[in-house]
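Chemist: Please find the sequence and the predicted model below.
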Amino acid sequence: MLIDTHCHIHSSDYPLDCVEVINRAHENGVGQIVCIGTDIDDSRQAIDFASKNDGVFCSVGVHPHEVKNGWSGIAGLVESGHASIIAVGEIGLDYYYDHSPRETQIQALKDQIELALKHDLPIIFHVREAFDDFWQIFDNYKGIRGVLHSFTDSPANVQQALDRGLYIGVNGFSTFVRDEAQKAMFATIPMNRILLETDAPFLTPAPFRGKVNEPAFVRNIAEFQGRIRQISLDEVAKATTSNARVLFNLQ
């Protein structure tokens, strides 16, 4: 079985029929799906969607792009104790776009980390061109469990993440990246630290570029990992599913 650990198929603007999308995921061996909240309303939608679909779980949080609009409402969602909530995220820092002021991003990250730790939940991190600040903040806390979602940075930051016990989220970007150093990096991340994700509807993997991304395409990402590592699809599936179950306490 495969697990899509990060997608947005619950969002109101997702353009495909979600019943068909879930069916295609199952047909391709994707047995569990995690829908990721990016703001308070979107997180509510993720909870609602997960509660109505077997094998679908959710994470709640406010993305760094959206924290300019506030994030305090996430605490109430987490404290609701809804069974489908398995993580806090996606949260973090994004200095590439700076859609929210950096000081606001930093405070929101700290508050949401503390919320996750209070409730013993893993964290899904979004970090882009902000690792210097991110690691300084991260190291102020003990006991963080989590994943660097959609990792596209350097081998040095892979090692920083591994040294801190984090998982690395690998998605369709790995199948079409042209930078040779990044290609090599994706082949060397230890299998016991990888989570597979689509980030649907974004980052559609090869050979489906130009189409709307969906959880079924986790299989193609897994097959690609198998090719670059010269291991079987079954080996990739076994390792990455085990990783996801450990981090998110999935059965």
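Modeler: Okay, I see it.

Chemist: Show me where this structure has its helices.
Modeler: Under the criterion DSSP state H, the chain contains helices at 18-27, 40-52, 73-79, 102-118, 131-138, 155-163, 173-176, 180-188, 218-229, 233-248.

Chemist: per-stretch mean pLDDT over these, give me the minimum one.
Modeler: In terms of mean pLDDT, the lowest-scoring of those is helix 180-188 (a mean of 89).

Chemist: Can you give me the pLDDT of residue 86?
Modeler: Residue 86 carries a pLDDT score of 98 in this model.

Chemist: correct me, but it touches residue 56?
Modeler: No - with contact defined as C-beta atoms under 8 Å, residue 86 does not count as touching residue 56 (10.5 Å). C-beta here means a position set from N, CA and C on the backbone, and glycine is covered the same way.

Chemist: what touches both of these two?
Modeler: Contact criterion C-beta atoms under 8 Å, 6 or more residues apart in numbering; residues shared by residue 86 and residue 56: residue 34.

Chemist: Using TSV, please lay out the helices of the chain together with distance to residue 60 and mean neighbour count.
Modeler: Formatted as TSV, the helices of the chain follow (distance: least, C-beta to C-beta, whole Å; neighbours: other C-beta atoms under 10 Å):
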stretch	distance to residue 60	mean neighbour count
helix 18-27	19	16
helix 40-52	4	19
helix 73-79	5	17
helix 102-118	9	18
helix 131-138	20	16
helix 155-163	23	15
helix 173-176	24	20
helix 180-188	29	13
helix 218-229	22	20
helix 233-248	13	18
